[in-house]
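In: Structure of the sequence below:
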Amino acid sequence: MKIRAALTSLLLLTASFAQAGPNLVLNGDFENLDYSMWTMSSPGGGGQAFGTDNTGSPLAVSSNLVFGDLNTAQLGFLSQTIGTIAGATYQLKFDLQRWTGDPQFPPQNEAQVNFDGKNVFDEIDVAGDWVSHTLIVTASKNSTVLEFGNFNGDPTFWNQLDNISLEFLRGPNDPGIPEPAALALLAGGLAALGLSRRRSARS
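Out: From the prediction side, this is the model:
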C-alpha cells in the first residue's frame, strides 16, 4: 500500500508540474489585427511589420500572420509589458524563422530575447526555417518587459517571429521543478522496490 501511495503521489506531482497556466502574452500569434499591445523600435533603420508569411519556405503558410524584422544596421526590437509575479517562474515559447531566398550567402543576423532586463536568448548567424524555442524564466517584479531583438546584415534574409507565449509555472515559494531524469530515476526505484516486495511476498 505504501508503494502504491508513493507512486500515486509521484504521478500527481509530475502532472502538476507538466501543466502550465494560460498565455499571458496578448496577441502572441499576431492573428488579431490590433497590435497596440506591442511596441516596435527600429533604431538602426530598416523595416518592421506585422504581415503574412510570404517567404515560400517549406514550413511557410501564406495566410499565417507573423512579425517580420528587416533591421540592417543594428538590433530592432519588439516588446510587450506583462503582468507577472515577483519571484515566479514562467515558461516562454516562441517560433523563429531565418529564411533566405539565396542560400549561397552566409547568414549575417542575430536574434535576441530579453526578459526582465536580462538576456535569456542570443542566436547569431543562423539560417533555417521555422524553429520552436522554449525557455524557463523568472520574474523579479510584478511588471515585466518581454523584448525580442532582431538584426539582419543581409537583405536576402527574412527574420520572422510567431506564436509567442508566456505561461505561469510556479510561484516564488513553490518547490522546484524536478528534472526529468530525477523523476525517471525515482519512478524506476519505486517500481523496483515494489517488484522486490511482491517477489518476497510470493516466496
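
In: Just give me the longest strand of the chain.
Out: strand 157-170 (DSSP state E).

In: List the buried residues of that strand.
Out: Of all the residues in strand 157-170, those buried under the rule 16 or more other CB atoms under 10 Å are 157-166, 168-170. C-beta here means a position set from N, CA and C on the backbone, and glycine is covered the same way.

In: could you say what helices and strands it packs with?
Out: Strand 157-170 sits against strand 65-69, strand 89-100, strand 109-115, strand 128-138, strand 143-152, with contacts defined as 3 or more CB pairs under 8 Å, 6 or more residues apart in numbering; DSSP states H and E.

In: Check the offset of it from the chain's centre.
Out: When distances are taken as CA atoms, centre = their mean, to the nearest Å, strand 157-170 is centred 5 Å away from the chain's centroid.

In: Can I get that strand in CSV? Just the C-alpha atoms.
Out: Output of strand 157-170 as CSV, limited to C-alpha atoms (Å, rounded to 0.1, in the frame of the first residue of the first chain):
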residue,chain,number,x,y,z
PHE,A,157,17.2,37.0,-45.3
TRP,A,158,13.8,37.1,-43.6
ASN,A,159,13.7,37.4,-39.8
GLN,A,160,10.3,36.4,-38.6
LEU,A,161,8.7,35.7,-35.2
ASP,A,162,5.4,34.0,-34.3
ASN,A,163,3.5,32.1,-31.6
ILE,A,164,4.9,33.9,-28.5
SER,A,165,3.5,32.6,-25.2
LEU,A,166,4.4,33.1,-21.5
GLU,A,167,2.8,30.7,-19.1
PHE,A,168,3.0,30.6,-15.3
LEU,A,169,4.8,27.5,-13.9
ARG,A,170,5.3,28.1,-10.2
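
In: Now render the helices and strands packed on strand 157-170 as CSV, adding mean pLDDT, distance to residue 22 and mean neighbour count.
Out: CSV is the format used below for the helices and strands packed on strand 157-170 (pLDDT from 0 to 100; distance: least, CB to CB, whole Å; neighbours: other CB atoms under 10 Å):
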stretch, mean pLDDT, distance to residue 22, mean neighbour count
strand 65-69, 94, 21, 22
strand 89-100, 95, 12, 20
strand 109-115, 94, 18, 20
strand 128-138, 97, 16, 14
strand 143-152, 94, 16, 21
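
In: So which of these is nearest residue 39?
Out: strand 143-152 (8.9 Å; CB to CB).
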